[in-house]
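S.K.: fold the following, please.
(one chain, ligands or ions: 1)
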Amino acid sequence: MNNTQSAQLWKEANGILVGGVNSPVRAFNSVGGDPFFVASGAGPFITDVDGNRYIDYVLSWGPLILGHAHPEVTEAVSKALAKGASFGIPTEAEIRLAEEIVKLMPAMQQVRLVNSGTEATMSALRLARGYTGRDLVVKVAGCYHGHVDSLLVEAGSGLTTLGVPNSPGITEAQAASTLLIPYNDLEAARAVFKAHEHKIAALIIEPVPGNMGVILPEDGYLQGLRELTRDNGCLLIFDEVMSGFRVALGGAQAKYDVTPDLSCLGKVIGGGLPCAAYGGPEEIMQYLAPVGPVYQAGTLSGNPLATAAGLATLKILQRDGLFEQVEAKSTQLSEGLAEAAKEAGVPVHGAQAGTMSCLFFQEGPVRNYADATQSDTERYAAFFRGMLERGVYFAPSQFEAAFLSCTHDDSVLDATLSAAREVFKSL
Ligand SMILES: *Cc1c(COP(=O)(O)O)cnc(C)c1O
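M.R.: Residues are numbered from 1 along each chain as shown. Below is the predicted model:
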């Protein structure tokens, strides 16, 4: 594989961008080697600047559920762009996108659009604190909610990968306002609420975590958290930035039939452009400015290009059978990889939630963050490199999900699995 152009750009990038990247997990630190530079994408494929083509299971870290450069999404964005990129004045598409969101996630009666998942969770926490008049927040170890100061504690993938358990620059007070519990452990949740009665504003969780690898909730866990938070007058926040429109069309809240107070969305709702959202019942959302006292704003929030991409994506995704088709491919990939590993005698534990999945390099079970970190990350790195050499791009970290799109057809999956069989045998 020729990497001349990528190598040259990587050298230039390191001179002017910190670590050569604008987001840490892109740097391949945990899998070794240097990242390639992408030139273009089409459907399930990306092509780098040296002309190498890869099957892509990262899909911009989740958003591209319709694949790269989907013609209808591209057209919607082009049309919007021709009319002007941004106004800072209301546009109709903001209403239409919010309507699609509310239709799929009825727990969100009212919506506020923002620009990134980080902004959504940060704002949802502020709203929860403003609404309840309380300070403390319960967070689940291994869940990632963006790089919000108070939430960068045991925050999953990027930090796990770098071996940074916490980040300098976060005040003690910010860290101290966050209480940690392990995933899938209702007893621990009960204990924390007992110890801090009437002081907890919100419990925030990835209902199906995708940032410590993919982990499924055990029976009754999410329901238990729902009851517990309600009994304590505390808000339950589902961070569905990754799981929304991926675990199921209506997200984890639909799949497990649990109604959170606030929901955070991102990734898929922007169809590859910067768009995110948070929302909930009118009673809570009315605490936000300009109606209520909790301030939150954004120059580019509800941007016409982002709303055009998001609206086109959500509409296409709801076409008959399309989501089920992506989910079936996800099952095919997940089961196929596990089988290939087994044939080669490589111990793995596979987890799948709708259109996302993960292969832990360990026997399992994987119930929480502590379990996830028992994975053989060296072996994952070898798997990653072997697949990349064969033109298949999985996430450059053990603790990320593999994402499917509606463009990953049988031939793409067959090519992936035959490469995987070779790679597993070499491990
Ligand atoms: C990606 C992600 C975020 C952060 O979103 P950004 O757009 O990167 O700020 C927050 N929560 C979850 C669950 C995510 O997967």
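
S.K.: give the contact list for the closest residue to the ligand within the chain.
M.R.: Distances between the chain and the ligand by CB to the nearest ligand atom are smallest at Gly117, namely 2.1 Å. All C-beta atoms are positioned from the backbone trio N, CA, C, and that covers glycine. For Gly117, the contact set (CB atoms under 8 Å, 6 or more residues apart in numbering) comprises 145-146, 239, 241, 264-267, 276.

S.K.: and the contacts of stretch 368-383?
M.R.: 30-32, 141-142, 154, 156, 160, 182-185, 212-213, 215, 346, 360-362, 364-366, 394, 397-399, 423-424, 426-427.

S.K.: of these, buried ones?
M.R.: 30-31, 141-142, 154, 156, 160, 182-185, 212-213, 215, 346, 360-362, 366, 394, 397-399, 423-424, 427 (16 or more other CB atoms under 10 Å).

S.K.: among these, which lie within strands?
M.R.: Using DSSP state E, Phe360 are the members of these that sit in strands.

S.K.: ok, Leu127 - contacts?
M.R.: Applying CB under 8 Å, 6+ apart, the residues contacting Leu127 are 262, 278, 284-285, 287-288, 294, 296.

S.K.: how about those residues in JSON lines, adding secondary structure?
M.R.: As requested, those are exported to JSON lines (DSSP: H, G, I helix; E, B strand; the rest coil):
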{"residue": "Leu262", "secondary structure": "strand"}
{"residue": "Tyr278", "secondary structure": "strand"}
{"residue": "Ile284", "secondary structure": "helix"}
{"residue": "Met285", "secondary structure": "helix"}
{"residue": "Tyr287", "secondary structure": "coil"}
{"residue": "Leu288", "secondary structure": "strand"}
{"residue": "Val294", "secondary structure": "strand"}
{"residue": "Gln296", "secondary structure": "coil"}
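
S.K.: measure the nearest residue to Val102 once chain neighbours are set aside to Met356 for me?
M.R.: Distance criterion CB to CB, 6 or more residues apart in numbering; nearest residue to Val102, sequence neighbours excluded, is Met108 at 5.5 Å. Using CB to CB, to the nearest Å, we find Met108 at a distance of 21 Å from Met356.

S.K.: give the burial count for the residue nearest to Val102, as a bare number.
M.R.: Using other CB atoms under 10 Å, Met108 has 26 other residues around it.

S.K.: go on, Gly345?
M.R.: 9.

S.K.: low-confidence ranges, the chain, go.
M.R.: Residues of the chain that meet the criterion pLDDT under 70 lie in 155-166.

S.K.: can we see that at 50?
M.R.: Low-confidence segments of the chain (pLDDT under 50): 161-165.

S.K.: residue nearest the centroid of it?
M.R.: Met242 (2.9 Å; CA atoms, centre = their mean).

S.K.: gap between it and Gly251?
M.R.: 10 Å.

S.K.: what secondary structure does Arg230 sit in?
M.R.: Relying on three-state DSSP, one would call Arg230 helix.

S.K.: now do the contacts for it.
M.R.: Neighbouring residues of Arg230 by CB under 8 Å, 6+ apart: Leu236.

S.K.: which parts of this protein sit against the ligand?
M.R.: Within the chain, the residues that sit near the ligand (CB under 6 Å from any ligand atom) are 116-118, 121, 144-146, 206, 210-211, 239, 241-242, 266, 276.

S.K.: again, 8 Å this time
M.R.: 23, 61-62, 115-121, 143-147, 206, 209-211, 239-243, 264, 266-267, 274, 276 (CB under 8 Å from any ligand atom).

S.K.: out of those, list just those in helices.
M.R.: 117-121 (DSSP state H).

S.K.: verify the stated contact: Gln325 with Thr407.
M.R.: No: look at Gln325 against Thr407 with CB atoms under 8 Å: they stay out of range, at 10.4 Å.

S.K.: looking at those two, which is more packed in?
M.R.: Per other CB under 10 Å, whichever of Gln325 and Thr407 has more neighbours is Thr407, with 21 against 16.

S.K.: on that earlier part again, list the ones among the contacts of Gly117 that fall in strands.
M.R.: Short answer: the contacts of Gly117 in strands (DSSP E) are 239, 264-265, 276.
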